[in-house]
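**Q** the following block contains a protein sequence and its predicted model.
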Amino acid sequence: MTKFGDLIKVDVPVLIDFYAQWSDEEVEPTGLVLRDVVAALGDRAKVIKIDIEKNETLASALKVKANPTYVIYKNGTMKWRQSGEQDANTLINLVQQYV
């Protein structure tokens, strides 16, 4: 299993979607939004989904309280964070600022 620090200490932006599995079915557009983000950014960024229920220690350490919470890291540093639904264009534009 990859450690969180290893995931975020890369020289491309890393968009992380902290979500809860129980609500993913209710918020299916989130999966579609992330597919659009991946398609638009290709290998210029990483997109990762982390289930907060399966990673409670990490979610607690990062004080993730809302679902979903999006975070952008680059070179191990948090660059942006927002809770609540975001559309694909907003996420794409945000990530591109750090490419």
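**A** Everything's here; your move.
**Q** I'd like the average pLDDT over the longest helix along the chain.
**A** Counting by DSSP state H, the longest helix found in the chain is helix 29-41. When pLDDT is averaged along helix 29-41, the result is 87.
**Q** give the next helix or strand downstream of it.
**A** Of the helices and strands lying after helix 29-41 in sequence (DSSP states H and E), the nearest is strand 46-51.
**Q** export that following strand as PDB, just CAs?
**A** Extracted C-alpha coordinates of strand 46-51, given in PDB (Å, rounded to 0.1, in the frame of the first residue of the first chain):
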ATOM      1  CA  LYS A  46      -3.000  12.900 -10.800                       C
ATOM      2  CA  VAL A  47      -6.600  12.400  -9.600                       C
ATOM      3  CA  ILE A  48      -7.100  10.200  -6.600                       C
ATOM      4  CA  LYS A  49     -10.300   9.200  -4.700                       C
ATOM      5  CA  ILE A  50      -9.900   8.400  -1.000                       C
ATOM      6  CA  ASP A  51     -12.800   6.900   1.000                       C
END
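**Q** buried sites along the helix or strand that comes right after that strand?
**A** Next in sequence after strand 46-51, counting helices and strands by DSSP H and E, comes helix 56-61. Of all the residues in helix 56-61, those buried under the rule 16 or more other CB atoms under 10 Å are Ala59. In short, each C-beta sits where N, CA and C put it, glycine included.
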